[in-house]
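In: Sharing a sequence plus its predicted fold:
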Amino acid sequence: MTLPTLSPMPALAEPAHPLKLVALGDSLTAGYQLPAAAAFPAVLERMLRAKGRAVTIANAGVSGETATNGLDRVDWSVPDGTDGVILELGANDMLRGTDPKVTEGALAAIIERLKARGIPVLLTGMLSAPNMGPDYKARFDAIYPALAKRYGLTLYPFFLDGIIGDRALHLADGLHPNSRGVETIAARILPTTETFLDGLGKGGH
């Protein structure tokens, strides 16, 4: 008896290949003293996927980096084929008292390099610590809104929103988020990231 030939089951429709994001940043992106799976890019990717978003987020965070350091490596840290960049730099500039003009210039150059390659940017802002003085704080805090306006970027105003002043969300150094802190940061930035993804087009290229 000849058995009937069974047709293979149709595969479930896969979304168009995932949107490829790169998180370009410092220790706040790198996941200082945290496992890779607990770092900001991995946590945000998990949250986006839980909402049905086909996206991957590469971790291009390097602890201790300034905006100028990020400019030095942006070309090789963001590979061809990247659909968007989450830019998180400037905290170390502030902690070192770098002239805000230097920080703004470096961030602008990063944005322009990416723009020239057709790669959109989600800009995450940083705020100066009060102990840097009111003049410095006013100049530093103005960097990110000004850049977002100049280049028409999606802006998340303050990367550390929701964790400042809460010791339970920080490592012992009081500066870096612990795993719970990263979860809070990612949950807060999630809606802005979804808006950014919607602007990149549905489902990738």
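Out: Received, thanks.

In: For stretch 132-148, what does the pLDDT average out to?
Out: Stretch 132-148 shows a mean pLDDT of 98.

In: Flag every buried residue along that stretch.
Out: By 16 or more other CB atoms under 10 Å, the buried positions in stretch 132-148 come out as 136-137, 139-141, 143-144, 147-148. C-beta here means a position set from N, CA and C on the backbone, and glycine is covered the same way.

In: nearest to residue 52, of those residues?
Out: Relative to residue 52, the closest of the buried residues of stretch 132-148 is residue 148; by CB to CB it sits at 27.4 Å.

In: contacting residues around the nearest residue to the closest one once chain neighbours are set aside?
Out: Spatial nearest neighbour of residue 148, chain neighbours left out: residue 155 (3.7 Å); criterion: CB to CB, 6 or more residues apart in numbering. By CB atoms under 8 Å, 6 or more residues apart in numbering, residue 155 lies in contact with 123-125, 144-145, 148, 192.

In: quick one: residue 86 is in a strand?
Out: Yes. Checked against DSSP: H, G, I helix; E, B strand; the rest coil, residue 86 lies within a strand.

In: in this protein, which spans are helices?
Out: Assigned by DSSP state H, the helices in the chain fall at 27-30, 40-50, 67-77, 91-95, 100-116, 134-141, 143-151, 179-200.

In: Can you tell me which of those is most buried?
Out: Counting by mean count of other CB atoms under 10 Å, helix 27-30 has the highest mean neighbour count of those, with a mean of 24.

In: just checking, what packs against that helix?
Out: helix 40-50, strand 55-61, strand 84-88 (3 or more CB pairs under 8 Å, 6 or more residues apart in numbering; DSSP states H and E).

In: Counting neighbours, what do you get for residue 118?
Out: Neighbour count for residue 118, taken as other CB atoms under 10 Å: 8.

In: just residue 123 next, same as before
Out: Count around residue 123 with other CB under 10 Å applied: 26.

In: And the pLDDT at the spatially most central residue of the chain?
Out: For the chain, the residue nearest the mean C-alpha position is residue 86 (3.2 Å; CA atoms, centre = their mean). Looking at residue 86, its pLDDT is 98.

In: repeat for residue 205
Out: Model confidence at residue 205 (pLDDT) stands at 32.

In: for residue 174, same thing?
Out: At residue 174, pLDDT is 88.

In: State the distance from the closest residue to it other than its chain neighbours to residue 130.
Out: Closest residue in space to residue 174, ignoring its immediate chain neighbours: residue 167 at 7.0 Å, by CB to CB, 6+ apart. Relative to residue 130, residue 167 is positioned 17 Å away (CB to CB, to the nearest Å).

In: ok, now residue 189?
Out: Applying CB to CB to residue 189 and residue 130 gives a distance of 23 Å.

In: circling back: make a markdown table out of the helices of the chain and add distance to residue 171.
Out: Listed next are the helices of the chain as a markdown table, based on distance: least, CB to CB, whole Å:
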| stretch | distance to residue 171 |
| --- | --- |
| helix 27-30 | 10 |
| helix 40-50 | 14 |
| helix 67-77 | 22 |
| helix 91-95 | 14 |
| helix 100-116 | 24 |
| helix 134-141 | 24 |
| helix 143-151 | 24 |
| helix 179-200 | 8 |
